[in-house]
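A.B. asks: build me a model from this:
(chains A and B)
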Amino acid sequence: MKKAWQIACIVSIITGIIMLVSSFAYPYKDRLGPGPGFFPFWLSLIVIVLSLALFLQTTFSKAPPYGSGSPLPNQIGAKSILIILIAMAICTGLIEFLGFRISLFLFLFFLPFFLGARSLVINLIFALIGSFGVFHVFYYWLKVPLPMGILGL
Amino acid sequence: MEALQCWIQGFSVATLPINLLYAFIGCVLGTLIGVLPGLGPAAGTAILIPITFNLDPIGAIIMLAAIYYGAMYGGTITSVLVNVPGEAASVITCLDGYQMAKKGRAGPALGIAAIGSFIGGTFATFALMVVSLPLADFALKFGPPEVFALLVVGLSLVTGLSGRSILAALLMTLFGLMLAMIGMDPVRGAPRFTLGIPPLYDGVGFVPVVMGLFGVGEILLSMESPVVEVIKTKISDLFPKKEEWRVSAAAIGRGTLIGFFLGLIPGVGAIIPTFVAYVVEKKVSKHPEKFGTGVIEGVASPETANNSYANGAMIPLLTLGIPGSPTLAVLMGAFIIHGLTPGPFLFKERPDVVWGLIASFYLGNIILLILNLPLVGFWAKLLEIRYQYLYPGILLFCILGAYSLNQSIFDVGVMVVFGVLGYIFRKIDWPLAPTILALILGPMMERALRTSLEMSGGDLSILVTRPISAVLLIIAVIVLISPAIRLIGQKAGKD
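C.D. replies: A predicted model of the protein is given here:
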C-alpha cells in the first residue's frame, strides 16, 4: 500500500506541475481583476505542495497514513475487471457505428457469458430486453435520443 | 402568514396526480437502487437523470429527490439480509440488523427501520418547512466574499470528515477543483485546459464523473467478491414486540434529532449521522455489551438518523445552494440541467418548485412506508439476481445515462476512465466524495473569489474584514486543522 500511495503522490505532483505550467498560458490579471490564470495557478501550486507533503509523510512517518490492505485486485477480481473494461471499451467504440440496440445487445449477451453465466437462452432474453426493450422505452416513450448506427437500428 | 401560504402552495403542487405519480416512481426506483448492491444513491440518481429530460422541472426534481431518499430506505434491506450495505449510510445497520436476521428476526429489524425512517424523514421535512424560509432570506444578504467563505466551509467539512488522511482528502478536493477548471472560465468565458477537444469546452460533465466514480468503480470493486449470500429467513411479523417498541421509541427520537442537526452541516455526508446515532445509543443503553449481537435499537436509531439526515440535508442545498453529499451534488446538477439554480433566489423565483418539492417529501415518506412494509419480501427477492446479470444491467444504464446527457460518446469514455480511477481510489482508500463536491462547487467558488477580489481591487483582506465571511473562514480553518490538533493532543496524552 505504501508504494501505491507514493505513486499516487507522484502522479499528483506531475499533474500539478502540468497544470501550473499550462496556467501560464492564461492571463493572471486583467483590467478588472484576477484573470483566468489566477485560480489554476494557486490551485496547482497548492496541489504540488500538499502532494509533496503527503509523499514525505507516506515515506518517512512513524504513523503512516495508509492502510494495511493490498491495492492490487485478487485473481478472480482481476480477470472479471479486465473483462468488464474490455467489454465497455468495445461497446463505447461501437455504439455510434452499430447503434444502441446492436452494440448493447452484444454487450449484454457476451458480458454475462464471459463472467460465467453460460445459459445462452437466458443471456439471449436478457440481451434482447436490455437492448431492444430499453431502447424502446427510452427512445419512444421517454423521448431520449439514442444512436441508431449505420443500419438505422 | 407567508410561510403558511408557501406550505399550501407546496401541497397543492405535490398532490397533483402527475406529481404523486413521479414521487411514487422515484420511491420505487430509489428503493431498488438502495436494495441492489453495487449501485449507490449518487450513481443511481445520476443514471436516472435522463428519464426526467422531457418532464417538467417540478416533476423531474420531485422524482429525483424521491430516488435519493428512497435509496436511503432501500439500503437497509441489503444490510439486514446480506450483511452488505446497499448504500454506504447503511453500513452500521449491518451490525445489529444482520444479527437479528440470523436469529430469525429480519421482519422486526426491517419494520422498525421503515417506521423509524418514516418518523425521522417526516420530522426533518417539517423542520425544513419551518427553517428554510428565514434561512433563505438571511442567505440573500450574502455577497461574493460570504459565498466564497461558505463554499470553503462546505468543502473543508467534507474534506475534514473524509478518509484516513486529511492530506489525501485535501488532494481529492483539489483534484475535483482542477477538473472544474477545465472548460469555460466562469468569469470571462475564455476556454481553459481544453486541449483542443471540443466536448471539453463545456467542461468535464459531473454526471459521467459521478457514474464512473460511484457506479462503474463500485462494480469493478464488487467483482473481487461478487457472490452475496442472502439469509434464508421468512420475513413475517414486521412489527416489533411491546418491549422492543419501548426501547425503539427513544432510539427513534434520538436518531431523528441527530440526523436532522447533522444534516444542516454541509459536507457531513450520510454516513456520519448513522455512526453518531449508533454510538450515542450504545452510550445511553443499559446493556451496551449487547450491541452488535442483534438489538433492535441498534437498527432503529441509525436508520432513523439516516432518513432524518437525508431530508435535513436538503436545507443547505435549497437555501444556500450547497450540496452536503455526492448524491445531493447530483441532485443539484439535476436542478441546473432543468434550468433551476438551488439557493435563496429559487425561493423568490420558483416558489412552486421549492415548496412543491418540500411538500412531496411528506408524501414520499408515506409512499416509502407503504412500499417497505408490505413489499419487503419482494425487495428481498431482488437480492437473489445473479451478479453476472445484475452488473451488466447496471452498466447498461450507466452507458445509457452518460450518452444521453449530451448525446456524446465522449461522455461515455469519461465515465469509463473515471470508473477506473474510482476503483483505484477505493483500493488505496482516498475518499471520492470531496472530488464530486469540489467539481460541482468549483466554478461557483472561483467566481465568488474573483468577484470578491474585483470588488476589493485585489485586496484579499475583504474575505476576513466582513464578519460573516470571517467567521465562516475561521470555522473552515478549525475543521481542517482539527485532525492535527487531535493528533498532537493524543501524543501529549501518551507522553
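A.B. asks: quick one: A:Leu111 and B:Tyr389, what's the gap?
C.D. replies: 9 Å (C-beta to C-beta, to the nearest Å). All C-beta spots, glycine's among them, are computed from the backbone N, C-alpha and C.
A.B. asks: those two: who's more crowded?
C.D. replies: Shown here are A:Leu111 and B:Tyr389; by other C-beta atoms under 10 Å in any protein chain shown, A:Leu111 has more neighbours (27 against 18).
A.B. asks: quick check: pLDDT value at that one.
C.D. replies: On the pLDDT scale, A:Leu111 is placed at 94.
A.B. asks: pretty sure it sits in a strand.
C.D. replies: No. Counting by DSSP: H, G, I helix; E, B strand; the rest coil, A:Leu111 is not part of a strand but helix.
A.B. asks: my guess is it meets A:Ile83, correct?
C.D. replies: Yes. When contacts are counted by C-beta atoms under 8 Å, A:Leu111 is listed as touching A:Ile83 (7.1 Å).
A.B. asks: so where is the stretch 101-250 of chain B shaky, pLDDT-wise?
C.D. replies: B:162-163, B:227-236 (pLDDT under 70).
A.B. asks: okay, helices next: where are they in it?
C.D. replies: With helices called from DSSP state H, counting those that start in this stretch, the stretch 101-250 of chain B shows them at B:106-139, B:144-160, B:166-181, B:206-210, B:217-222, B:242-263.
A.B. asks: against which helices or strands is the third one packed?
C.D. replies: Using 3 or more C-beta pairs under 8 Å, 6 or more residues apart in numbering or on different chains; DSSP states H and E as the contact criterion, the secondary-structure elements in contact with helix B:166-181 are helix A:2-23, helix A:38-60, helix B:144-160, helix B:433-456, helix B:467-494.
A.B. asks: what's the spacing between that helix and its chain's center?
C.D. replies: 19 Å (C-alpha atoms, centre = their mean, to the nearest Å).
A.B. asks: same question for the longest one.
C.D. replies: Taking the mean C-alpha point of helix B:106-139 and that of its whole chain, the gap between them comes to 14 Å (C-alpha atoms, centre = their mean).
A.B. asks: which other helices and strands contact that helix?
C.D. replies: helix B:2-14, helix B:57-82, helix B:99-102, helix B:242-263, helix B:297-312, helix B:314-315, helix B:344-349, helix B:351-382.
A.B. asks: format those helices as CSV; extra columns: distance to chain A and mean neighbour count.
C.D. replies: Putting the helices and strands packed on helix B:106-139 into CSV (distance: least, C-beta to the nearest C-beta, whole Å; neighbours: other C-beta atoms under 10 Å in any protein chain shown) gives the following:
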stretch, distance to chain A, mean neighbour count
helix B:2-14, 22, 16
helix B:57-82, 12, 29
helix B:99-102, 25, 22
helix B:242-263, 25, 21
helix B:297-312, 24, 34
helix B:314-315, 26, 26
helix B:344-349, 24, 17
helix B:351-382, 15, 21
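A.B. asks: may I see these organised as a markdown table, with distance to A:Pro71 added?
C.D. replies: Compiled in a markdown table, the helices and strands packed on helix B:106-139 are given as follows (distance: least, C-beta to C-beta, whole Å):
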| stretch | distance to A:Pro71 |
| --- | --- |
| helix B:2-14 | 47 |
| helix B:57-82 | 26 |
| helix B:99-102 | 32 |
| helix B:242-263 | 32 |
| helix B:297-312 | 30 |
| helix B:314-315 | 37 |
| helix B:344-349 | 43 |
| helix B:351-382 | 32 |
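A.B. asks: quick one, which of those is nearest to B:Pro199?
C.D. replies: When those are compared by C-beta to C-beta, helix B:57-82 sits nearest B:Pro199, at 24.0 Å.
A.B. asks: now B:Pro198: how far from chain A?
C.D. replies: 15 Å (C-beta to the nearest C-beta, to the nearest Å).
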